[in-house]
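K.L.:
need a structure here:
(3 chains)
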Amino acid sequence: MNPVLELQGLSKQFGQLKVTQNVNLSLHPGARHALIGPNGAGKSTLVHQITGLLKPSAGKVLLGGQDVTGLTPEKRVKLGLARTFQINSLFNNLTVAENIGLALQAREGMDGYLMRDITHDSALMDEAAVLLESLSLLDLAHRNIVELAYGQRRMIEIALALALKPRVLLLDEPVAGVPSTEGSRLFDLLERLPAEVATLVIEHDMDLVFRFAKRITVLVEGAVLVEDDVQAVRTDPRVRAVYLGERHDHAA
Amino acid sequence: MTQQTPSKRVAQGFGRQRYTWLDAALLAAAVLTFFFGEYYLALAAMVVLMIIFALSLDLAQGYGGIETLGHAAFFGTGAYAAALYALHVSSEPISGLLVGAAVAALVGLLSGFAILRTHGLTQLMLTLAVATLLYELANVMKSVTNGDDGLTGYDISPVLGLFDFDIYGKTAFVYSCVVLLVIYALLKRLVNSAIGLTAQGIRENRVRMRMLGVPVERRLWLLYTLSAAVAGVAGALSAQINRIVGLDTLMFMMSANVVVMLALGGLGRLYGAFLGAIIFVVLSDRAAAVDPTNWLAVLGVVLILVVRYAPQGVSGWLVNLGRKRRSS
Amino acid sequence: MPNAFSTFLTLTVDGISYGMMLFLISVGLTITLGVMRVVNLMHSAFAMMGGYFALWCMQAGDLHYFVALPLGVLATMVVSLVLERTLYQWVYQANPLGQLLITIGMAFVLTAVVKNLAGPQIQSLSLPEILTGQMSLGSINVSVYRVFVLVLSVVVAGALWLILEFTTFGAKLRAAVDNPRMARCVGINVPLVFSVTFAIGCGLAALGGAVGTQMLPLEPYYGLKYLVLVLIVVAVGGVGSLKGSLYSALLLGLIDTLGRYYVPALGGFIIYLAVLAILLARPRGLVGHAG
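P.N.:
Just a heads-up that it's a prediction; the model follows:
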């Protein structure tokens, strides 16, 4: 099976500062991959290069075998890449339904149509309803995002990416800032992600990582320290050395 | 509460511009004006014109978030195009409107290509530069536009071959009202459609829209061109009703006025255009008659106060008032 | 003996002189926009204020031109400081569109006030004897006035540069431009720096406005009429860049002066065409900063 997302020798430097050093990564359909590393390791920079918001100095990004390194973010999304943001990036003064609607419209390529009203599209309305119901947010469909609690907004953040039916899903610290009472619902959602979607999670929360991921890449100072399956990484002494002093240090 | 299907619940979560009592009230106001306001029909036609102009700006600015200080470029272009059309091709009014819209849309298309690749202050400057450029161009091409003296000497045939433009302005008023009705209906349909939602999404969070796969610049370009077309209709109407087109149709004051109108009325609701234009035109007409110099000062003060205390304009203030009453 | 080349040289001097005046008027705006990130559409009105204050000093106070100029500048600076501490606090709180509207509103009010106080007629400051007529620079004849404007602007611009590069205040200002939050953490009184900067910017505009009345004559609508000019100088130069506004002011001043002479059919149209071309090629301006 061919990888659905591939990073080949990805490097980025700002002047003398090397923020990404020769990163290789391969995601196959259905992957549950986590990207971890101490603060300042360059995880966000890497994500920006995958999505296209930042141009790498060297190396390639491939989606489904196609070289997308030179493509705009919009085009990569159309090829099946979706991401969530670490800090909620929603349409705050629009309603929950409208937020999901935007994603659905965009996916169907009808976001530029002058005379078609999405509320008249029963298939899309059904789909939105099912999605919202699975998040227990259907009752809030008419509420503006600003009226929602943080945990609920986080769910919408993920829902937006899911609505795109992506091949590759990048989750940037999905549970960041979510109080533990609302966290469990988020965990459930992550466990119920569609099987074929290749998922890359950037996380600090080791609970989540060990529960969710099958493979882990450890990034330190922009370079890959270790890439292996969960058990191997958990017991790797180099990884523990890096995390010595971090609060989420786990004994093997 | 009746049990609704889930997808119905979702559909109702979308903000929709519906036809409400306000539209009925506006229609009633127009009818009343026609029958009881004979001396004011010229002013009323001016109000209707400006409503159309303000609606065009609401499309670009209120819905798309494109800030512009040069929207007069499209108004003036539409005006000159319609006048020149009447002068050299045909004095039929409805086709004149279409010509005005088309030429203005072309200008919007061309300038939009440049303008929308930028953002922030540069974008604002470019809108201003384009409008000023067109003004200077019109000034320089005196043989065509008659410069400062204004372009006149063209006739407008009766509307639909039946309704002659009378000296009381009855035909002019009804004509502009009908045009407004058509434009308004089209715009209502537009903002309820996919592009309307997309525009709001772009206005709210451009980066997110990109990450949903939306080609942001292309959508804004479309919106800008449509906005230019509507502004062109307003300009063309002005040319046809007033029988004269001057350089003031391209001036900065014209662009500033429409921005003020929309700020007064409130952006992003379509109604704001109505409220703002009515308030502005009526006030400026009355005030200019009383004291033209200090009208500018009053306008300035009103602007400052509106931004400070009612940043969503009059329509936003009314909406908030309604919300407070419902919750108390 | 005027020939084509000497005419060209004379025009060049005129163009540079015009450009330097534009620079004086615009440099304050690029700082306000770049440093304080405030859309200030009232800026050209401060230039007008300088001109009218100087005019008033000469007409009502019967003062000499060279006394009226600095007084006009000072008076404008005082007014600008007062406005900055009061109305501009509202401006800071508004979003960009709101700032645009408030400052335009203020420009409207000022226009009406000036119209009431000074009348609608176009006026300019009458030049003292010493500045009238022509002088010879090498092989060409140039207007004494234009040379005066040029020299004065260069001196002022030079002083500005010296202050920025070599004084503590200059260092603080540059810090505040680069990173206001950090500057505050380091103990720089950012609001004070802003107030003083604002006043200086308005003072420079006032100087440009007062000194340039033969080129941009005074009238109540000055603040609105020449707003476009100031805005495009800033935009073409690159927001927040002093060097940029110098280059763009000179460039646009030359293009306008030479253009009006050599292609009179296109007149004022040329400069806007140039602006469009430049902004298309370099959307961030000649010396654009990222973000």
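
K.L.:
so where do the helices sit in chain A?
P.N.:
A:43-51, A:73-78, A:96-108, A:122-134, A:150-163, A:180-191, A:206-212, A:230-235, A:237-243 (DSSP state H).

K.L.:
ends of stretch C:125-138, what's the gap?
P.N.:
29 Å (C-alpha to C-alpha, to the nearest Å).

K.L.:
what is the mean pLDDT for it?
P.N.:
Mean pLDDT, stretch C:125-138: 83.

K.L.:
ok, and what's touching it?
P.N.:
With C-beta atoms under 8 Å, 6 or more residues apart in numbering or on different chains as the test, stretch C:125-138 has contacts from C:13, C:51, C:54-55, C:58, C:64-66, C:68, C:141-145, C:147-148, C:210, C:213-214, C:218. Yep, even glycine has a C-beta here, placed from its N, CA and C like the rest.

K.L.:
mind checking which of those land in strands?
P.N.:
C:141, C:142, C:143 (DSSP state E).

K.L.:
nearest to residue B:297, of these?
P.N.:
Of all the ones in strands among the contacts of stretch C:125-138, residue C:143 has the smallest distance to residue B:297: 37.4 Å, by C-beta to C-beta.

K.L.:
please name the nearest non-neighbouring residue to that closest one.
P.N.:
residue C:134 (5.9 Å; C-beta to C-beta, 6 or more residues apart in numbering or on different chains).

K.L.:
burial count for the one you found?
P.N.:
14 (other C-beta atoms under 10 Å in any protein chain shown).

K.L.:
could you do residue A:13 as well?
P.N.:
Residue A:13 is flanked by 14 other residues according to other C-beta under 10 Å.

K.L.:
and for the one 10 residues further on?
P.N.:
Using other C-beta under 10 Å, residue A:23 is surrounded by 24 other residues.

K.L.:
contacts only, for the nearest residue to it once chain neighbours are set aside.
P.N.:
Distances taken as C-beta to C-beta, 6+ apart put residue A:10 closest to residue A:23, at 4.4 Å, once the chain neighbours are dropped. Counting by C-beta under 8 Å, 6+ apart, residue A:10 touches A:20, A:22, A:23, A:24, A:25, A:46, A:49, A:56, A:58, A:59, A:60, A:61.

K.L.:
just curious, which of the residues you listed is nearest to chain B?
P.N.:
Using C-beta to the nearest C-beta, residue A:49 comes nearest to chain B of the contacts of residue A:10, at 14.2 Å.

K.L.:
what separation is there between the closest residue to the closest one other than its chain neighbours and chain C?
P.N.:
Leaving out its chain neighbours, the residue that sits closest to residue A:49 by C-beta to C-beta, 6+ apart is residue A:56, at 4.8 Å. Distance of residue A:56 to chain C, computed by C-beta to the nearest C-beta, to the nearest Å: 18 Å.

K.L.:
cool, and residue A:194?
P.N.:
In terms of C-beta to the nearest C-beta, residue A:194 sits 38 Å off from chain C.

K.L.:
ok, that residue - contacts?
P.N.:
Applying C-beta under 8 Å, 6+ apart, the residues near residue A:194 are residue A:162.

K.L.:
okay, now the unreliable bits of the chain?
P.N.:
No chain in the question, so chain A it is. A:1, A:243-252 (pLDDT under 70).

K.L.:
let me rephrase: I mean chain C.
P.N.:
In chain C, residues with pLDDT under 70: C:1-2, C:177-178, C:180, C:288-291.

K.L.:
where do the strands of it begin and end?
P.N.:
Under DSSP E, chain C gives strands at C:134-137, C:140-143.

K.L.:
picking up where we left off before, any of the contacts of residue A:10 buried? List them.
P.N.:
The neighbour count (16 or more other C-beta atoms under 10 Å in any protein chain shown) marks A:20, A:23, A:25, A:46, A:49, A:56, A:59, A:61 as buried among those.

K.L.:
determine which two of those residues are furthest apart.
P.N.:
Taking C-beta to C-beta, no two of those sit farther apart than A:25 and A:56, at 12.8 Å.

K.L.:
tally of neighbours for residue C:196?
P.N.:
Neighbours of residue C:196 using other C-beta under 10 Å come to 17.

K.L.:
can you check residue C:14 too?
P.N.:
Residue C:14: 22 neighbours (other C-beta under 10 Å).

K.L.:
try residue A:115
P.N.:
Neighbours around residue A:115, by other C-beta under 10 Å: 11.

K.L.:
so for it, what's the nearest residue that isn't a sequence neighbour?
P.N.:
Per C-beta to C-beta, 6+ apart, closest to residue A:115 is residue B:193, 5.5 Å.

K.L.:
give me the contacts around stretch B:5-12.
P.N.:
So stretch B:5-12 is contacted by A:97, A:100, A:119, A:122, A:125-126, A:128-130, A:132-133, A:138-139, A:141-142, B:4 (C-beta under 8 Å, 6+ apart).

K.L.:
which among those residues count as buried?
P.N.:
A:97, A:100, A:119, A:125, A:128, A:129, A:132, A:138, A:141, A:142.

K.L.:
rewinding a little: if I pick the residue nearest to residue A:115, what's in contact with it?
P.N.:
Contacts of residue B:193 by C-beta under 8 Å, 6+ apart are A:113, A:114, A:115, A:116, A:117.

K.L.:
quick one: the last one from chain B, how far?
P.N.:
Spatial separation of residue A:117 from chain B under the definition C-beta to the nearest C-beta is 5 Å.

K.L.:
wait, that residue touches residue B:192, no?
P.N.:
Yes: using C-beta atoms under 8 Å, residue A:117 is in contact with residue B:192, at 5.3 Å.
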